[in-house]
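Student: output the structure for:
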Amino acid sequence: MLDYEGDVNNVYLGDRITVQTFRGFKGNIIGRLPDGLVVLFDQNSQYFDLLAPGQSVEGHIVNVQENYVIMSPISEPEEIEISYVPELEVDDIVGELEKLIEGVSGNAEIIPRALLRVIQLEQLIIKILTGDA
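Tutor: Presented below is the predicted three-dimensional model:
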């Protein structure tokens, strides 16, 4: 596994890495290293056509550039298991936060409002990832 510290100088040809896949700006499937450096996939790989968002892909670095690296997958991509708190359990937390917001005023309501918004965004992301949105 690659010991990558966010510097393209620490990425070498042949390094073996595992990345998660995402849909890129142009609709193509990409990965990212921990610092956000884009990982493109070798189109000549036998696994290229199997790539989709939300997968874990293991491969070797075959090209290193300043703004991206190219990785050749060495095995079939695996679906990433999504774990989350079901909405039913979140409803109790949401209810308590809403009560708290009603009971305070001014700056005291900033934190519960922020937590409520984070929960709402998390639930939206879960729906998108599971295809329920």
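Student: hey, where'd the helices end up in the protein?
Tutor: 87-103, 110-130 (DSSP state H).
Student: can you list contacts of the shortest one?
Tutor: The contact list for helix 87-103, computed with C-beta atoms under 8 Å, 6 or more residues apart in numbering, reads 109, 112, 113, 115, 116, 119, 123. Where you see a C-beta, it was placed from the backbone N, CA and C, and this is true even at glycine.
Student: what comes up buried for stretch 103-120?
Tutor: 109, 112, 115, 116, 119 (16 or more other C-beta atoms under 10 Å).
Student: no no, stretch 64-80
Tutor: Here stretch 64-80 shows 68, 69, 70, 71, 72, 73, 77 as buried, counting by 16+ other C-beta under 10 Å.
Student: contacting residues for the closest residue in space to the fifth one that isn't next to it in sequence?
Tutor: Read that as residue 72. Residue nearest to residue 72 in three dimensions, not counting chain neighbours: residue 42, with 3.9 Å by C-beta to C-beta, 6 or more residues apart in numbering. For residue 42, the contact set (C-beta under 8 Å, 6+ apart) comprises 48, 59, 62, 70, 71, 72, 73.
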